[in-house]
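>>> kindly return the folded structure for what I paste below:
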Amino acid sequence: MANVRNLKKDINFVLGDIIEAVYIWEYSNPKKDTKESDAIVDEAIDVFDALIAKVNDKNVENKKEHFRAIQKELEIKGNELIEKLNKLG
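This is a model prediction of the structure:
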């Protein structure tokens, strides 16, 4: 991992792209109910807030492991959100 700034950018880009994809789906399907898609956006925002809080945590013994864990969590949560988006009818 290069640095904290790049990790923050990755978090922003991944979750931002997911939110953008949800909005595109909503725009493409105007007659469909948006409760599920709104829930995906809300979850993405919650994940963003949680991950950024973890990145900004200064009380960490092993920073390298801490940031690797955050990167892995971003990957897992991002894939979960994408699966939910793909299941939208």
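>>> average pLDDT for stretch 80-89?
Here stretch 80-89 scores 93 as its mean pLDDT.
>>> cool, and stretch 6-25?
97.
>>> where exactly do the helices run in this protein?
4-28, 35-55, 63-87 (DSSP state H).
>>> how close does the residue positioned nearest the centre of the chain sit to K32?
Centroid-nearest residue in the chain, with CA atoms, centre = their mean: L15, separated by 3.4 Å. L15 sits 22 Å away from K32, going by CB to CB, to the nearest Å. Bear in mind the C-beta positions are built from the backbone N, C-alpha and C, glycine included.
>>> what of D17?
Distance of D17 to K32, given as CB to CB: 21 Å.
>>> same check on I18?
Per CB to CB, I18 is found 18 Å from K32.
>>> and these two? Which one has more around it.
Counted by other CB atoms under 10 Å, I18 and K32 do not tie: I18 has more neighbours, with 21 against 13.
>>> shouldn't the more buried one be in contact with L81?
Yes: counting by CB atoms under 8 Å, L81 is a contact partner of I18 at 5.0 Å.
>>> which neighbours do these two share?
40, 44 (CB atoms under 8 Å, 6 or more residues apart in numbering).
>>> show me the contacts for the residue nearest to K77 when sequence neighbours are not counted.
Leaving out its chain neighbours, the residue that sits closest to K77 by CB to CB, 6 or more residues apart in numbering is V47, at 4.8 Å. Neighbouring residues of V47 by CB under 8 Å, 6+ apart: 15, 74, 77, 81.
>>> any idea how far the first one is from K77?
With distances taken as CB to CB, L15 is found 8 Å from K77.
>>> list the buried residues for stretch 70-89?
By 16 or more other CB atoms under 10 Å, the buried positions in stretch 70-89 come out as 70-71, 74, 77-78, 81, 84-85, 88.
>>> what does stretch 18-36 contact?
Here stretch 18-36 has contacts from 37, 40-41, 44-45, 78, 81-82, 84-85, 88-89, using CB under 8 Å, 6+ apart.
>>> any idea how far D46 is from the closest residue in space to V4 that isn't next to it in sequence?
In space, and not counting its chain neighbours, V4 is closest to V55: 6.2 Å by CB to CB, 6+ apart. Here the criterion is CB to CB. By it, V55 lies 15 Å from D46.
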